[in-house]
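Novice: I would like the atomic coordinates for the input below:
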Amino acid sequence: MSSPRVAVIGAGLGGLTCARGLQAYGYPVTVFEREASAAARPQGGMLDLHAPTGQTALRVVNLFDRFRELARPEAQELRMLDPGTAALVHQEKPVEGEYYAPEIDRGQLRGLLLDSLPPGTVHWGHSLDTVTARDDGTASVSFTDGTTEVFDLVIGADGAWSRTRPAVSPATPAYTGNTLVETFFDDVDTRHPALADLIGPGSLVAGAGRTMLGAQRNSGGHVRVTADFDGIPLGWLETAGIDPADTEAVRAHLLARFDGWHGRLLDLIRRSDGGFVIRPIHVLPSGHTWDHVPGVTLLGDAAHLLPPHGIGANLALIDGSDLATIIVTHAELDEAARAYENIMLPRAAAAAEADAEVAVLMDEDPAGNAGTARELLNERLLNPGTA
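Specialist: As a prediction, this is how the structure comes out:
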C-alpha cells in the first residue's frame, strides 16, 4: 500500500513545523512555496516565542536546543517611554535565567526549520491557483503554471491571503483601521550609539492616544522601527498626496504626525536608514470556523488571522506541531484532520477573545498591563474554555 500523499501549501513557520514533525516520524510530505527561494525577501523582525506554545512546538519537533542557540533572552526587556519627554515610565526586565518569551529573528527561525528538512522537501516557485476538494476525499491542487496534482490531504499554511482557504471557508480578511509603518537601522550600536542606548537590548514603545512609536532590536545590530496608527483609513498617504514609495515625503509626513514628541524619539524616524513599508492590519472574523471538508485543512494565519500582538507565530507553530503529531498517531488522515480541527479551532477562538481583551487592557494602561496581557493570552490558549 502506498503512503498517503500530504501537501503543505506555504513555507512559513507553521507549515515548516508541520512538515518537520511529519518527517521526523518518516511520514512523506511535500511543501509548495510560491517564492523562488528562501532568500527571495526579508522575513520580518523579531518574534517572542512563548513557553506554553511556540517553545512547546519546537520541543515536539526536536528543535528546541537549536532554538536556544539562536534566541536572545535579554531581548525580553521592554521599555515604555513618555512621548513628550522620552523619560522611562515603565520597564520590564527578565530575571537571570528567565526563558518565558525570548526573542528570535523570524528569518533565523525559518532558516532553522528549513535546514531541518531533507533537500527537495520544499518546491520553490510553485504559486498556488486553487485547491478543490474531490468527492473521493482527496483534493486537487492547481498551480498558476497550469499543472495540477492530487493529494490525500492538503494543508493550507499560506497566510493571511490564503488561496487554500476558499476550499473550506468563504471568509476573507477585513481591515481593522490600524496601519503600521516600518523602517529600520543597520549597525545601530556603532553608527547610532545614542539610539542604541535609548532602545536597550529589547524593545521600546511610546504612545499618545491612538498613535504609538516603537523600536525593536534584532540580531546583528539591526533595529526595526514601527509607527502605529489606529483609526486611519486605507490609502491615507495617497489621500494626502504622498507616494508611499517616496521615502523623504513619507518621512516628512510622519514627522508632522509626531509633532510635539521628544527629539530622541523623533530620531527613530528622522535618521532611519531604510525606506518605509506600509502595513495595513487585516484580521479574519473572531472565532472563524468551518465545517470539516475531507482532504483539506488550514493552520496559522490561513485559519485564524489576528492583530500582531505577539501570538500569531506562536499559534502557527503549535498548530503545525499538533497537526503533525495527530496525523502520525491516527490511522486515517481524515480522522486526524477532524481531530486537529477540534483542538485548533476552539484554541483560535479563545485567542481571538483574549486578544480583544488585551487591546482594551493596553488602551487603558499599557505600562501597567503589559505583563497581564501576555499572561491572559497564554492562559486562554492553554484553557480555551475559560472565557
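
Novice: how near is residue 299 to residue 41?
Specialist: Counting by Cβ to Cβ, to the nearest Å, the gap from residue 299 to residue 41 is 21 Å. Any C-beta I mention is one placed from the backbone N, CA and C, and that applies to glycine too.

Novice: neighbour-wise, which of the two wins?
Specialist: Applying other Cβ atoms under 10 Å to residue 299 and residue 41 shows that residue 299 carries more neighbours, namely 32 against 10.

Novice: Enumerate every residue touching that one.
Specialist: Contact analysis of residue 299 by Cβ atoms under 8 Å, 6 or more residues apart in numbering lists 14-15, 18, 155-157, 316, 319-320, 323, 344.

Novice: Of these, just say which sits nearest to residue 165.
Specialist: Ranked by distance to residue 165 (Cβ to Cβ), these are led by residue 156 at 6.0 Å.

Novice: Tell me which two in the contacts of residue 299 are the farthest apart.
Specialist: The most widely separated members of the contacts of residue 299 are 15 and 344, with 14.0 Å between them, by Cβ to Cβ.

Novice: Of the two, give the one with the bigger neighbour count.
Specialist: Ranked by neighbour count (other Cβ under 10 Å), residue 15 and residue 344 place residue 15 first, with 31 against 24.

Novice: low-confidence ranges in the stretch 101-250 of the chain?
Specialist: Of all residues in the stretch 101-250 of the chain, none has pLDDT under 70.

Novice: could you redo the last one with a cut-off of 90?
Specialist: Residue ranges of the stretch 101-250 of the chain with pLDDT under 90: 101-103, 105, 107, 209-210, 218-221.

Novice: Next, the residue nearest the centre of the chain: phi, psi?
Specialist: The chain has residue 313 as the residue nearest its centroid, 4.0 Å off, counting by Cα atoms, centre = their mean. Main-chain dihedrals, residue 313, degrees, to the nearest 10: phi -70, psi -40.

Novice: Please list all residues in contact with it.
Specialist: Residues near residue 313 by Cβ under 8 Å, 6+ apart: 13, 47, 49, 54, 106.

Novice: any idea how far the closest residue to residue 163 other than its chain neighbours is from residue 89?
Specialist: Nearest residue to residue 163 in three dimensions, chain neighbours excluded: residue 128, at 4.6 Å (Cβ to Cβ, 6 or more residues apart in numbering). As judged by Cβ to Cβ, residue 128 and residue 89 stand 47 Å apart.

Novice: So between those two, which is more surrounded?
Specialist: A count of neighbours by other Cβ under 10 Å puts residue 128 above the other of residue 128 and residue 89, at 21 against 14.

Novice: Would you check how far apart the more buried one and residue 141 are?
Specialist: Residue 128 is 7 Å from residue 141, where distance means Cβ to Cβ.

Novice: Mutual contacts of these two, please.
Specialist: Joint contacts of residue 128 and residue 141 (Cβ under 8 Å, 6+ apart) are 9, 32.

Novice: Next up, the contacts around residue 21.
Specialist: 60-61, 320-321, 323-325, 328.

Novice: so what's the nearest residue to it once chain neighbours are set aside up against?
Specialist: Spatial nearest neighbour of residue 21, excluding adjacent residues (Cβ to Cβ, 6+ apart): residue 324 at 2.6 Å. By Cβ under 8 Å, 6+ apart, the contact set of residue 324 is 17-22, 24-25, 27, 60-61.

Novice: Next: residue 202.
Specialist: Here residue 202 is in contact with 74-79, 103, 216-217 (Cβ under 8 Å, 6+ apart).

Novice: Among the residues you listed, name the buried ones.
Specialist: Buried members of the contacts of residue 202, counted by 16 or more other Cβ atoms under 10 Å: 75-79, 103, 216-217.

Novice: Which members of the contacts of residue 313 occur in helices, if any?
Specialist: By the criterion of DSSP state H, membership of the contacts of residue 313 in helices covers 13, 106.

Novice: quick one: which of the contacts of residue 313 has the most company?
Specialist: residue 13 (30 neighbours).

Novice: Disregarding residues adjacent in the polypeptide, which is nearest to that one?
Specialist: Residue 13 sits nearest to residue 316 (Cβ to Cβ, 6+ apart), 5.1 Å away.
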